[in-house]
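A.B. asks: Based on what follows, work out the 3D shape:
(4 chains)
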Protein chains: 2
Amino acid sequence: MISVEEQLKSMKQQMIAKGYKSTVQREATMRVLLEHERDHMSAEDVYMRVKERFPEIGLATVYRTLELLTDLHLVEKMNFGDGVARFDLRTEGHMHMHHHMICSICGEVEEIQDDWLTELEQRVQQEYGFNVSDHRLDFIGTFSSCKHGDCRRHCENAS
Amino acid sequence: MISVEEQLKSMKQQMIAKGYKSTVQREATMRVLLEHERDHMSAEDVYMRVKERFPEIGLATVYRTLELLTDLHLVEKMNFGDGVARFDLRTEGHMHMHHHMICSICGEVEEIQDDWLTELEQRVQQEYGFNVSDHRLDFIGTFSSCKHGDCRRHCENAS
DNA sequence: TTATTAAATTATAATCATTCTAAATAAAGA
DNA sequence: TCTTTATTTAGAATGATTATAATTTAATAA
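C.D. replies: Residues are numbered from 1 along each chain as shown, chains lettered A, B, ... in the order given. Next up, the predicted model:
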């Protein structure tokens, strides 16, 4: 398990290697992403968290940083159907995007870190001549726990 | 192969069965969707097509109709990462959403109509206690044809 | 260390997709 | 046909995201 500090260092190095500058605002934003790795935050969410420690930062800077990190393939910009983009850290050592389970009852998004699609990607190559570089797989449904009343998330649907 | 008229009739019936009214605006919108089944149009795209035949229609009506059709599970609202929602007809007889191949070169979106995920959905159920009702699977990559210069779509990247 | 230069940030305005509002219209059933 | 209620229209409002211009800062070299 790699530490937040090490990951941060690695992200900064990648940023610098591509000719971008390392700034305190970018570092603060990356730190928030690393410390809320599984939260699928919107830009506004990230902004509010960063502001706690760096109150002078502007919303546009957070947007620009998230866009940059997306370009560098360090985070993935996702859209789960509510009106906002959500940002999801790409795990070190996983070349492909992880999968998601989205609960229709509580809205919670959970991750599946394994890559289940290797075979299907070969099939896409063979049957359609399509060369896969990445993928997105979301399952929509319900967690057993939610269906039985003990929702794993604090929300109006939890019993 | 079921005809556009038959599909339209079926869609109208489902609409009426759920207590919604059948209007000329809704029919015109559904007709456009049926006649551009594989185009992944945005609301604005649909609006412009509908306007050709029904110039008085308002943009908000098209939005509302698309939302209604989404609620009825007759179309799927998708987001491919550009700023707009795209609407994709659900094929009659397919309970689950089809898969997509998205080309990084030309941006074209092609469909895979088979359902490749039955086994994985069982696995999600067993390993995570998550009961899948629907899914979304996108492959990002390149068509061999695009990579070799004869892009299948008229765009600036086509040779 | 300081000077230089290009990139980044700030604050704010602008944009653009989408949704809401109030008045007018039309569909479905009695 | 009449009545009721949903739907549509046109335009305003909203809200997420992006662009702008002036200012500041990071990286590099003298």
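A.B. asks: rest of the way, CA atoms for contacts and neighbours
C.D. replies: Will do.
A.B. asks: Kindly export the helix-or-strand element of chain A with minimal mean pLDDT (C-alpha atoms) in PDB.
C.D. replies: Least confident element among the helices and strands of chain A, by mean pLDDT, DSSP states H and E: helix A:144-147 (a mean of 84). As requested, the backbone C-alpha atoms of helix A:144-147 are provided in PDB (Å, rounded to 0.1, in the frame of the first residue of the first chain):
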ATOM      1  CA  SER A 144     -28.700  -6.500  -0.800                       C
ATOM      2  CA  SER A 145     -28.100  -4.500   2.400                       C
ATOM      3  CA  CYS A 146     -30.100  -1.500   0.900                       C
ATOM      4  CA  LYS A 147     -33.000  -3.700  -0.200                       C
END
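A.B. asks: What lies in contact with the helix or strand hosting residue A:45?
C.D. replies: Applying DSSP states H and E as the criterion places residue A:45 in helix A:43-53. With contact meaning C-alpha atoms under 8 Å, 6 or more residues apart in numbering or on different chains, helix A:43-53 is reached by A:28-29, A:32-33, A:57-59, A:62-63, A:66, A:85-87.
A.B. asks: let's see 10 Å
C.D. replies: If you take C-alpha atoms under 10 Å, 6 or more residues apart in numbering or on different chains as the criterion, helix A:43-53 is touched by A:25-33, A:36, A:39-42, A:54-67, A:84-87.
A.B. asks: hmm, back to that, what is the least confident helix or strand of chain A packed up against?
C.D. replies: In this structure, helix A:144-147 makes packing contacts with strand A:99-103, strand B:130-143, judged by 3 or more C-alpha pairs under 10 Å, 6 or more residues apart in numbering or on different chains; DSSP states H and E.
A.B. asks: what pLDDT, on average, does the shortest one get?
C.D. replies: Per-residue confidence for strand A:99-103 averages out to 94 on the pLDDT scale.
A.B. asks: and the next element down the chain from it?
C.D. replies: The helix or strand immediately downstream of strand A:99-103 is strand A:109-112, counting by DSSP H and E.
A.B. asks: quick one: buried residues of that next one?
C.D. replies: A:109-110 (16 or more other C-alpha atoms under 10 Å in any protein chain shown).
A.B. asks: Within the sheet, what are the partner strands of it, with directions?
C.D. replies: Using DSSP bridges, strand A:109-112 pairs in its sheet with strand A:99-103 (antiparallel).
A.B. asks: coming back round to it: DNA strand C next: which of the contacts of helix A:43-53 are close?
C.D. replies: A:25-26, A:56-61, A:64-65 (C-alpha under 7 Å from any atom of the strand).
A.B. asks: would a markdown table of those with neighbour count, secondary structure and distance to residue A:147 be doable?
C.D. replies: Output for these, formatted as a markdown table (neighbours: other C-alpha atoms under 10 Å in any protein chain shown; DSSP: H, G, I helix; E, B strand; the rest coil; distance: C-alpha to C-alpha, whole Å):
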| residue | neighbour count | secondary structure | distance to residue A:147 |
| --- | --- | --- | --- |
| A:25 | 18 | helix | 42 |
| A:26 | 22 | helix | 41 |
| A:56 | 10 | coil | 44 |
| A:57 | 19 | coil | 41 |
| A:58 | 13 | coil | 41 |
| A:59 | 16 | helix | 38 |
| A:60 | 11 | helix | 40 |
| A:61 | 14 | helix | 41 |
| A:64 | 13 | helix | 39 |
| A:65 | 18 | helix | 38 |
